[in-house]
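> structure for the following, please:
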Amino acid sequence: MLIECDGENFGQVFDYIGNDYEKCLYLYIDLRKYGLDNENFKVWIQYDGDRICGLISEYYNGIQIYSKSYDFIVDEMIDFIKQRNPTVISGMKDSMYQIKDAFLEYSETSGVVAKLTKLKYPPDINAYSAPADELEEIVKLVVQEENLGKHTGYELLYQQYYDRKKDNFGRNVISRDESGEIICHAATYAELPELAVVSGVITSIPYRGKGYSKATLAALCEQLLSEGKIVFSYFHIPPAVKMHYGVGFNKVGDWVKFKKSI
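Have a look, this model is predicted:
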């Protein structure tokens, strides 16, 4: 049975997740940040009798699923997701592969969720947190990359970056060359006082292969660690895997994303 989360069962969600939040970071962070007050964010609880066996969150056109023991009711979960008709479905691999055959029209991306254990790469000492009036220039760089912002588009990506910065929910760290052009960018896509998820790492084409991505990401991570935050990231392409492990991230688990072709 699926029940929408409300004031009466709100606490049950956090009790169910417990310390396993690294397996459902965006669900956990969005629920902590927005509670039930954001019309674009909803959570449903799946019960097997009186026992919780799974969670579904929906933010705009994306759905994330989570099951602590991967023992959710599969057919009910599939039927519900199909009714919502999301563009993106994501979750840990052991959950996602239980519903995979029902969403063959979606393309699949597999990757890693990782946690920074110790900073191993020297940060770029000239990298800095960009103010809001530099976001336009940043977004123009990020939307060039297929795996980062191209599918989102300039307008929506700019609004997302702007809203995160305005709400103290994200930051954008950049480094520049001597002429003032952006060399590299790294961002947080979600933050709480105690944890953050980093993403959006991109280096301008002329500077690639020279260690700028690792140095700028390390600068961002150094900021976050100095604030006492636990740092996580999602990644999948080989250069990103090499970069994150070089900075000091270690694998937590495997995640999978299904994306509908538009």
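> nearest spatial neighbour of Asp48, skipping sequence neighbours?
Closest residue to Asp48 apart from its sequence neighbours, by C-beta to C-beta, 6 or more residues apart in numbering: Ile73 at 6.1 Å. From N, CA and C alone the C-beta is placed, and that goes for glycine too.
> what sits against the one you found?
46, 48, 53-54 (C-beta atoms under 8 Å, 6 or more residues apart in numbering).
> repeat for Asp133
Neighbouring residues of Asp133 by C-beta under 8 Å, 6+ apart: there are none.
> which of the three states applies to it?
helix (DSSP: H, G, I helix; E, B strand; the rest coil).
> how far away is it from Lys165?
11 Å (C-beta to C-beta, to the nearest Å).
> assumed Thr109 was part of a helix.
No. Under the criterion used here (three-state DSSP), Thr109 is strand, not part of a helix.
> neighbours of it, how many?
Neighbour count of Thr109, defined by other C-beta atoms under 10 Å: 16.
> then His185?
Applying other C-beta under 10 Å, we find 28 residues neighbouring His185.
> show me where the chain has its strands.
With DSSP state E as the criterion, the chain has strands at 2-4, 41-48, 51-59, 62-66, 88-92, 106-116, 128-129, 172-176, 182-191, 195-203, 230-235, 249-260.
> go through these and name the closest to Glu137.
strand 182-191 (6.3 Å; C-beta to C-beta).
> the closest one pairs with which strands?
Neighbouring strands of strand 182-191 in its sheet, by DSSP bridges, are strand 172-176 (antiparallel), strand 195-203 (antiparallel).
> taking strand 106-116 as reference, get the angle to the longest one.
Spelled out, it's strand 195-203. Going by axes from the mean of the first three to the mean of the last three C-alpha atoms, to 10 degrees, strand 195-203 is angled at 110 degrees with respect to strand 106-116.
> hang on, the earlier thing: which of the strands paired with strand 182-191 sits closest to Arg84?
strand 195-203 (23.2 Å).
> please give the centre-to-centre distance between that closest one and its chain.
9 Å (C-alpha atoms, centre = their mean, to the nearest Å).
> compute the inter-axis angle for that strand and strand 249-260.
For strand 195-203 against strand 249-260, the angle by the same axes, to 10 degrees is 80 degrees.
> which residues does strand 195-203 contact?
21, 25-26, 29, 141-142, 144-145, 148-149, 172, 183-191, 212-213, 216-217, 220-221, 224, 229-234, 240, 243.
> buried set for that strand?
Buried residues in strand 195-203, counting neighbours by 16 or more other C-beta atoms under 10 Å, are found at 195-203.
> the chain - how does it break down into domains?
2-104, 116-260 (automatic domain parsing).
> looking at the ones you listed, which one has the lowest mean pLDDT?
Mean pLDDT is lowest for domain 116-260 among the domains of the chain, at a mean of 90.
> endpoints of that domain, how far apart?
Taking C-alpha to C-alpha, to the nearest Å, the first and last residues of domain 116-260 lie 31 Å apart.
> same thing with stretch 34-49?
End residues of stretch 34-49 are separated by 28 Å (C-alpha to C-alpha).
> ok, back up a step: with Asp124 as the reference, name the closest of the strands paired with strand 182-191.
strand 172-176 (4.9 Å).
> good, we can wrap up now.
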